[in-house]
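*Asks:* Sharing a model that was predicted from the sequence below.
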Amino acid sequence: MFNNSYIRNMIISSVGSLMIRDWDDEKKKWSTPWKAPSSPCDLYGACGHYGFCNRNKSPICRCLKGFVPKSSDEWRKGNWTGGCLWRIELLCDKNISDRRKNSGFWKLGRTKLPDLNEYLRIRRLRNVELGA
């Protein structure tokens, strides 16, 4: 038996989310039982280069330590896709005597890498050259 009172549709929202919606005839409104992506942080590059996303913070995007937004004006508007830039000059290629002032790497925990990432496991690093 066919129930023509059950209405379901699939739409793409103005922000690019794919949603399945069900019509509730009693409440006279749509419900959304499924949506993808479920968070803006699930979109690849949501915070741009050298930015990271935390859906539990507001705003959701921040720059990594040592970086600043590429465009402060765009970040204020909620467009973080331009990413971040180095705040200070890298010291890894400078000949300085105080090793504590060298540029280096920060450990960033509880981070989800993009689904299509590639990585190389390195046991020991001695001379590291960072390129732009």
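*Replies:* Looks like it arrived, so ask away.

*Asks:* how near is R62 to Y6?
*Replies:* Distance, R62 to Y6, using C-beta to C-beta, to the nearest Å: 44 Å. From N, CA and C alone the C-beta is placed, and that goes for glycine too.

*Asks:* who's more crowded, the two?
*Replies:* R62 (17 against 9; other C-beta atoms under 10 Å).

*Asks:* would you say that one is within a strand?
*Replies:* Yes. Assignment of R62 by DSSP: H, G, I helix; E, B strand; the rest coil places it within a strand.

*Asks:* which SSE is the closest residue to it other than its chain neighbours in?
*Replies:* Nearest residue to R62 in three dimensions, chain neighbours excluded: F52, at 5.9 Å (C-beta to C-beta, 6 or more residues apart in numbering). Using DSSP states H and E, F52 falls within strand 51-53.

*Asks:* quick one: average pLDDT of that strand?
*Replies:* For strand 51-53, mean pLDDT rounds to 92.

*Asks:* Could you tell me which other helices and strands that strand packs against?
*Replies:* Counting contacts by 3 or more C-beta pairs under 8 Å, 6 or more residues apart in numbering; DSSP states H and E, strand 51-53 is packed against strand 61-63.
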